[in-house]
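Chemist: Please work out how this folds:
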Amino acid sequence: MKKILGISLLLFIGTATVTNAQTVKKTKQAIKTGANKTGNKTAELASKGTARVTDKRVNGKTGPNNETIYIDSNSKYYWIDKKGKRHYIAYSALKTKV
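Modeler: Below is the predicted model of the structure:
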């Protein structure tokens with residue numbers, strides 16, 4: 001009887017450990033995804049805030065997906081993506097704002 005209880009207890013603990021490890025992996029992935037999204041949004045807001053202060057917005061023109069267009073001190077046009085990166089664009093490629 002003691003052997004049966006001992007074996008069943010050992011199997012139960014082993015199963016619980018495997019389940020716990022899977023839960024930890026899922027939680028780790030969820031935290032990583034959330035951290036990436038938060039970092040990207042922070043970079044986007046910081047870049048757009050800096051652009052609004054230092055550069056001039058172009059009125060009447062938009063980017064390829066209706067993004068706000070800025071012009072820097074070197075007279076180059078650009079827009080900022082969701083990761084906070086600048087994408088420079090030629091004036092001829094800008095769309096007229098509707």
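
Chemist: Which helix or which strand is home to the residue nearest to the spatial centre of the chain?
Modeler: Most central in the chain under Cα atoms, centre = their mean is Lys37, positioned 3.1 Å from the mean C-alpha point. Assignment of secondary structure by DSSP states H and E places Lys37 within helix 2-54.

Chemist: what's the angle from the helix or strand following that helix to helix 2-54?
Modeler: Past helix 2-54, further along toward the C-terminus, the next helix or strand under DSSP H and E is strand 56-62. Using axes from the mean of the first three to the mean of the last three Cα atoms, to 10 degrees, the interaxial angle of strand 56-62 with respect to helix 2-54 works out to 100 degrees.

Chemist: Mind giving me the packing neighbours of strand 56-62?
Modeler: Packed against strand 56-62, as judged by 3 or more Cβ pairs under 8 Å, 6 or more residues apart in numbering; DSSP states H and E, are the following elements: strand 68-71, strand 95-96. C-beta coordinates here come from the backbone N, C-alpha and C atoms, glycine included.

Chemist: residues of it that come out buried?
Modeler: 58, 61-62 (16 or more other Cβ atoms under 10 Å).

Chemist: related to what we said a few turns ago, comparing the helices and strands packed on strand 56-62 by mean pLDDT, which bottoms out?
Modeler: Set side by side, the helices and strands packed on strand 56-62 show their lowest mean pLDDT on strand 95-96, which sits at a mean of 89.
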